[in-house]
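Q: What would the 3D arrangement of this be:
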Amino acid sequence: MPYEVRAAVAVKKGAPAEVQTIRVPDPGPGEVVVAVQACGVCHTDLHYREGAIGDDFPYLLGHEAAGLIEAVGPGVTDLAPGDYVVLAWRAPCGQCRSCRRGRPWYCFDSRNAAQPMTLLDGTPLSAALGIGAFAEKTLVAAGQAVKVDPAARPEAAGLIGCGVMAGYGAAVHTGAVGSGDTVAVIGCGGVGNAAIAGASRAGARRVIAIDLDDGKLDAAERFGATDTVNSRGTDPVEAVRGLTGGHGADVVIDAVGRPETYRQAFYMRDLAGTLVQVGVPDPAMQIELPLIDLFSRGGALKSSWYGDCLPSRDFPVLIDLYLSGKLHLDRFVTETVGLGDLEAAFAKMQRGEVLRSVVVL
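A: The predicted structure is shown next:
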């Protein structure tokens, strides 16, 4: 019997999200229904609401979530009702050319639920990142539901599903930060601070946090930054060079995703250093760099897709780090709110007042 549940829906481009009753079908083959307990408010959801990602309205927003398996469809053998899971927007197919080459974290045909969730009048909903978790229940592919230790509270655990994993993985997986490295992170929101935490845990000897806001820089120190730079009145490139013996950082992570921050990241690297872009840019943005500088500086320019993570491998590890006190997920949670408070949470996020608001259902 299909479920009728409350959910946050973006009906049209730029309009405030509305709390509506939607219909979630029974799970089909390879699908599960998840009773969502908590879902973080991420910039990506705002991008969907603003039409910056696509025009497939109406959108069912929300994707950074934890909850309990409500029901499983035919063929699902590794999940059962009551299992505690974090939702992932990448579920490797196991068959594409990347999966076959042993690189499932780049899967080019990630799995999503085959059936749509709908409005009560039957209008199909486009689920944000294939999840749609600002809802009391949601339908996903079984591979998107990753079992983790139920001792982790959902307000914190759900953040691993997107922002924390993206930032942590940008440092540990994409940037391959190692013992003794120097690291600079531009942008100290949720993703940037997760990158700082990842770099610190990976053994970086110096982690330099860069932001325009002193409050965010104070928070960055709590996640492991050894130095901070307020770029509102200081040239961040020169500051990073000054903190690294004039050389620049081994790894620079751009957690903002703007042309000016990318350019700063490019030039604050050491020779043969690595630039990792994890901040999501507006599709209209462009970057221009002298080709001779690309050639002469060497190194690597990388984009980090979801922290180059493999959810089934990495989510349980991060939860274990959290439960052992080695990854402070609770520090990312600025506030918890209800489903009807989503628009206010978007506004706080845009003003830079929160690391993460979390909707509790």
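
Q: Is it correct that residue 196 is in contact with residue 219?
A: No - the criterion here is Cβ atoms under 8 Å, and residue 196 misses it with residue 219 at 9.4 Å. From N, CA and C alone the C-beta is placed, and that goes for glycine too.

Q: burial of residue 132, as a residue count?
A: Neighbours of residue 132 under the rule other Cβ atoms under 10 Å: 31.

Q: how close does it sit to residue 181?
A: According to Cβ to Cβ, to the nearest Å, residue 132 and residue 181 sit 38 Å apart.

Q: secondary structure class for the closest residue to residue 91 other than its chain neighbours?
A: Excluding the flanking residues, the one nearest residue 91 by Cβ to Cβ, 6 or more residues apart in numbering is residue 143, at 3.2 Å. Counting by DSSP: H, G, I helix; E, B strand; the rest coil, the backbone at residue 143 sits in helix.

Q: which residues touch residue 143?
A: 30, 88, 91, 92, 111, 312 (Cβ atoms under 8 Å, 6 or more residues apart in numbering).

Q: Can I get those in TSV including secondary structure and pLDDT?
A: As requested, the contacts of residue 143 are exported to TSV (DSSP: H, G, I helix; E, B strand; the rest coil; pLDDT from 0 to 100):
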residue	secondary structure	pLDDT
30	coil	98
88	coil	98
91	coil	96
92	coil	96
111	coil	95
312	helix	97
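
Q: Tell me the one among those residues nearest to residue 300.
A: Nearest to residue 300 out of the contacts of residue 143 is residue 92 (Cβ to Cβ; 23.9 Å).

Q: how many other residues sit next to the closest one?
A: Under the criterion other Cβ under 10 Å, the count of neighbours that residue 92 has is 22.

Q: Which one of residue 196 and residue 219 is surrounded by more residues?
A: Between residue 196 and residue 219, counted using other Cβ under 10 Å, the more crowded position is residue 196 (31 against 24).

Q: Now do the helix or strand encompassing that one: which elements does it pack against?
A: Per DSSP states H and E: residue 196 is located in helix 190-201. With contacts defined as 3 or more Cβ pairs under 8 Å, 6 or more residues apart in numbering; DSSP states H and E, helix 190-201 has these neighbours: helix 163-169, strand 182-186, strand 206-211, helix 214-222, strand 249-254.

Q: Can you check which of these gets nearest to residue 338?
A: helix 163-169 (20.4 Å).

Q: Touching that closest one from outside, list them.
A: Contacts for helix 163-169 (Cβ under 8 Å, 6+ apart): 40, 42, 64, 190-198, 253, 255, 278, 304, 306-309, 311, 314-315, 318, 327, 329, 332, 356.

Q: what do you get for stretch 250-261?
A: For stretch 250-261, the surrounding residues in contact (Cβ under 8 Å, 6+ apart) are 167, 170-171, 175-177, 181-189, 191-192, 195, 199, 204, 240, 262, 264-266, 268-270, 273-281, 285-287.

Q: which of those count as buried?
A: For the contacts of stretch 250-261, a burial check counting by 16 or more other Cβ atoms under 10 Å picks out 167, 170-171, 175-177, 181-189, 191-192, 195, 199, 204, 240, 262, 264-266, 268-270, 273-281.

Q: Overlap of the contact sets of residue 196 and residue 219?
A: Counting by Cβ under 8 Å, 6+ apart, the residues touching both residue 196 and residue 219 are residue 188.

Q: Three-state assignment for the nearest residue to residue 312 once chain neighbours are set aside, please.
A: Nearest residue to residue 312 in three dimensions, chain neighbours excluded: residue 146, at 5.7 Å (Cβ to Cβ, 6+ apart). Secondary structure for residue 146, judged by three-state DSSP, is strand.

Q: how many other residues sit next to residue 146?
A: Residue 146 has 24 neighbouring residues, counting by other Cβ under 10 Å.

Q: quick one: contacts for it?
A: Counted by Cβ under 8 Å, 6+ apart, residue 146 has contacts 85, 86, 87, 88, 311, 312, 315, 316.

Q: Enumerate every residue touching the closest residue to residue 251 other than its chain neighbours.
A: Leaving aside its chain neighbours, residue 251 sits nearest to residue 175 (4.3 Å; criterion: Cβ to Cβ, 6+ apart). Under the criterion of Cβ under 8 Å, 6+ apart, the neighbours of residue 175 are 183, 199, 251, 253, 274, 276, 302, 304.

Q: now do 7 Å
A: Contacts for residue 175 (Cβ atoms under 7 Å, 6 or more residues apart in numbering) come out as 251, 253, 274, 276.

Q: and which of these is nearest residue 156?
A: For the contacts of residue 175, the nearest to residue 156 is residue 253 (22.3 Å; Cβ to Cβ).

Q: ranking the contacts of residue 143 by neighbours, who comes first?
A: Sorting the contacts of residue 143 by how many neighbours each has (other Cβ under 10 Å) puts residue 88 first, at 30 neighbours.

Q: which residues in this structure form helices?
A: 43-49, 97-100, 154-157, 163-169, 190-201, 214-222, 236-243, 259-267, 291-297, 311-323, 342-350 (DSSP state H).
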